[in-house]
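S.K.: Next come a sequence and a model predicted from it.
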Amino acid sequence: MYAGGKGANQAVAAARLGGKVAFISKVGNDIFGKQTIQNLEKEGIDISGLLTDPGLPSGIAQILVDKNAENCIVVAPGSNMSLLREDVEKNLSLLTDAESLLMQLEIPLATILYAASKAFKAGKKVIVNPAPAIDLPDELFQYLYLITPNESEAEFITGINVRGESDLIESIKRVWSSTFNARSLSARKRAGAPLETDPIGVAVLKMVNARTAGVLFTADPNTGDTSRMIIEANWGLGESVVSGEALPDVFVLEKESLEIIDRKLGTKGRLITLQERGTVEKETPAEKCGSFCLCDEEVKEIGKLGKVLEAHFGVPQDTEWAVDADRTFPENVILLQTRAEVIAQQKKPIDQVIDMMISRF
């Protein structure tokens with residue numbers, strides 16, 4: 001049993017980094033609530049705004065894992081959802097005395113809006129971690145200094161896989177209009193830029209119709225062996241691989257010759273694919289679970305492109321790629337993004353232990 005969720009964990013992280021942290025939330029009068037209070041007090045966090053609801057249990061979440069090692073989270077929000085605007089009102093001094101306000105979406109949206117507006121009007125930086133992902137009202141964005149979505153949350157907020165001329169034009173207009181929200185106007189005023197205009201370009205890219213996607217490491221991330229490359233792949237979009245939600249197919253290549261020296265069939269229990277608008281997560285059909293999602297020539301082409309990237313940047317690369325179902329080989333192999341790879345020897349000891357545990361799963 002571990003204390004959490006995001007709000008408490010982020011409060012502890014900020015405190016351990018030397019921040020002076022105050023925590024506003026609500027717990028139940030139960031063992032979970034008492035444990036949370038004790039843990040936060042131990043971390044030196046101001047809990048004067050941490051209230052106890054006598055009628056509701058503390059919010060809890062249980063992580064379930066199925067036979068294919070896929071996970072899902074079952075949440076019982078409990079007292080989290082009884083944190084109301086009047087509770088924030090009673091603790092306004094904690095907001096006005098702070099430099100910034102950090103919130104998640106694990107409390108009522110009305111409470112988030114109220115706290116954000118009060119902090120913004122007091123000249124504080126408002127930061128929102130939009131998890132779990134929900135539709136956010138336009139009103140909220142005018143108060144935000146920063147929003148920190150992960151890949152799924154960013155998709156939920158901005159929308160991808162836009163279809164049709166009318167939807168495309170509306171999406172472009174939303175981007176343009178964002179330059180005239182309160183935050184943008186305030187930033188331009190501080191910079192001495194004109195308020196009446198803010199030219200902005202909108203790049204419109206074709207959404208890759210990913211039949212298969214995943215990651216490439218141009219050096220073995222666990223051993224640092226630069227003579228090998230590792231490819232992890234799943235059907236559909238690469239989010240399931242990057243987020244660790246699926247057990248992917250794994251291919252090991254000898255870098256110099258691009259020969260495949262090992263391969264492991266993953267369970268690939270779930271996949272993420274395009275739908276009419278946005279994406280959807282689905283159970284992978286049995287026939288796809290039982291077959292590799294890349295052919296040998298595609299594996300070698302991905303490796304070939306990886307060698308080009310490594311030569312260009314001068315260091316091993318961690319690269320995301322996709323195979324477009326609408327194109328023919330080799331133009332169907334598309335590089336999406338790349339970054340310098342983190343090798344196990346460069347990682348902290350705890351990260352190395354986690355990598356070892358995962359490799360033995």
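M.R.: That came in fine, so what should we check first?
S.K.: helix, strand or coil for the nearest residue to W235 once chain neighbours are set aside?
M.R.: What sits nearest to W235 in space, not counting adjacent residues and going by Cβ to Cβ, 6 or more residues apart in numbering, is L271, at 4.5 Å. (C-beta placed from N, C-alpha, C; glycine too.) At L271 the chain is in strand, as set by DSSP: H, G, I helix; E, B strand; the rest coil.
S.K.: cool, Q10 as well?
M.R.: Secondary structure for Q10, judged by three-state DSSP, is helix.
S.K.: need the contact list for it.
M.R.: L102, Q104, N129 (Cβ atoms under 8 Å, 6 or more residues apart in numbering).
S.K.: Quick one: which of those is the most crowded by neighbours?
M.R.: Among the contacts of Q10, the one with the most neighbours (other Cβ atoms under 10 Å) is Q104, at 21 neighbours.
S.K.: wait, it sits on A133?
M.R.: No: contact criterion Cβ atoms under 8 Å: Q104 and A133 do not qualify, at 11.1 Å.
S.K.: How far away from the center of its chain is stretch 326-341?
M.R.: Distance of stretch 326-341 from the chain centroid (Cα atoms, centre = their mean, to the nearest Å) equals 22 Å.
S.K.: Quote the end-to-end distance of it.
M.R.: Here the two ends of stretch 326-341 are set 30 Å apart, with distance taken as Cα to Cα, to the nearest Å.
S.K.: got a list of contacts for it?
M.R.: Under the contact criterion Cβ under 8 Å, 6+ apart, stretch 326-341 has outside partners 208-209, 211, 213, 217-219, 221, 238, 297-298, 301-302, 305, 309, 313, 315-325.
S.K.: what about 6 Å?
M.R.: Defining contact as Cβ atoms under 6 Å, 6 or more residues apart in numbering, one finds that stretch 326-341 is touched by 208-209, 217, 301-302, 305, 309, 315-324.
S.K.: next one: stretch 181-196
M.R.: With Cβ under 6 Å, 6+ apart as the test, stretch 181-196 has contacts from Q142.
S.K.: Tell me how far that stretch lies from the chain's centre.
M.R.: 29 Å.
S.K.: now swap in stretch 133-146 and tell me
M.R.: Between the centre of stretch 133-146 and the centre of its chain there are 17 Å (Cα atoms, centre = their mean).
S.K.: now swap in stretch 225-245 and tell me
M.R.: Distance, centroid of stretch 225-245 to centroid of chain: 16 Å (Cα atoms, centre = their mean).
S.K.: Show me which positions of that stretch end up buried.
M.R.: Of the residues in stretch 225-245, 228-242, 245 count as buried by neighbour count, 16 or more other Cβ atoms under 10 Å.
S.K.: Let's see which of the residues you listed end up in helices.
M.R.: E239, S240, V241, V242 (DSSP state H).
S.K.: Mind putting the residues you listed into TSV with pLDDT and distance to G44?
M.R.: Supplementary listing: those in TSV, determined by pLDDT from 0 to 100; distance: Cβ to Cβ, whole Å:
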residue	pLDDT	distance to G44
E239	85	37
S240	86	39
V241	90	39
V242	80	35
